[in-house]
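*Asks:* structural data only, the sequence is not supplied:
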């Protein structure tokens, strides 16, 4: 492994950690309806577990209601069961052609819980970033031994690894602050 590979791989892993955090944020409910909350809903479609969003059209109506329109109307009951099983905190209402899910405004208490969840996810992402930094530092030490690198080159690369870590940690802080603001906005 070369130094370039070390940094490319490390940066790629850190980018993935930040993207995973943002993906996780999508499942945290805010005051508005968001189709992404349905990403973890799996429907038993003729014996095959299938993601709900692959088998239906999902739209947002008036900001607080998700309208789920299945491509195959014969599986409405299965979709309702999957929605109830997913425990989204909202009861699905079916009229035979579409399923509506109205998200009530979050209570102050629920908003505070959501902010705690956001902070927890942010902290987990920071731990992932620090683990990547540790791995990069370990790899740098291996490269140092293999290629007999001068001490100042090793020191410079350690500083670069730390700058990269600080940059991605800052990205996480920004993402957490944005999501907190979104959750607390009434």
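*Replies:* Now that the structure is in, tell me what you want to look at. Everything numeric here is computed off the predicted structure, so don't read it as measured data. Numbers count the residues shown, from 1 in each chain.

*Asks:* so residue 58 makes contact with residue 38?
*Replies:* Yes: Residue 58 is in contact with residue 38 according to Cβ atoms under 8 Å; the separation is 6.1 Å. C-beta: built from backbone N, CA, C; applies to glycine.

*Asks:* mind listing the shared neighbours of the two?
*Replies:* Shared contacts of residue 58 and residue 38, defined by Cβ atoms under 8 Å, 6 or more residues apart in numbering, are found at 52, 66, 68.

*Asks:* and the buried ones among those residues, selectable in ChimeraX?
*Replies:* A single ChimeraX command suffices to select whichever of the shared contacts of residue 58 and residue 38 are buried according to 16 or more other Cβ atoms under 10 Å:
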select :52,66,68
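
*Asks:* helix/strand/coil for residue 58?
*Replies:* Counting by DSSP: H, G, I helix; E, B strand; the rest coil, the backbone at residue 58 sits in strand.

*Asks:* and it, how many neighbours?
*Replies:* Each residue near residue 58 was counted by other Cβ atoms under 10 Å, and the total is 19.

*Asks:* what's near enough to touch the closest residue to it other than its chain neighbours?
*Replies:* Spatial nearest neighbour of residue 58, chain neighbours left out: residue 35 (4.4 Å); criterion: Cβ to Cβ, 6 or more residues apart in numbering. The neighbours of residue 35, taking Cβ under 8 Å, 6+ apart as the test, are 53, 58-60, 66.

*Asks:* now do the helices in this protein.
*Replies:* Taking DSSP state H, the helices of the chain run over residues 3-26, 76-85, 108-147, 151-184.

*Asks:* by mean pLDDT, show me the worst of those.
*Replies:* For those, mean pLDDT drops lowest on helix 76-85, to a mean of 87.

*Asks:* before we move on, the earlier item: residue 126: which of the contacts of residue 35 is nearest?
*Replies:* The shortest approach to residue 126 among the contacts of residue 35 belongs to residue 53, at 29.7 Å (Cβ to Cβ).
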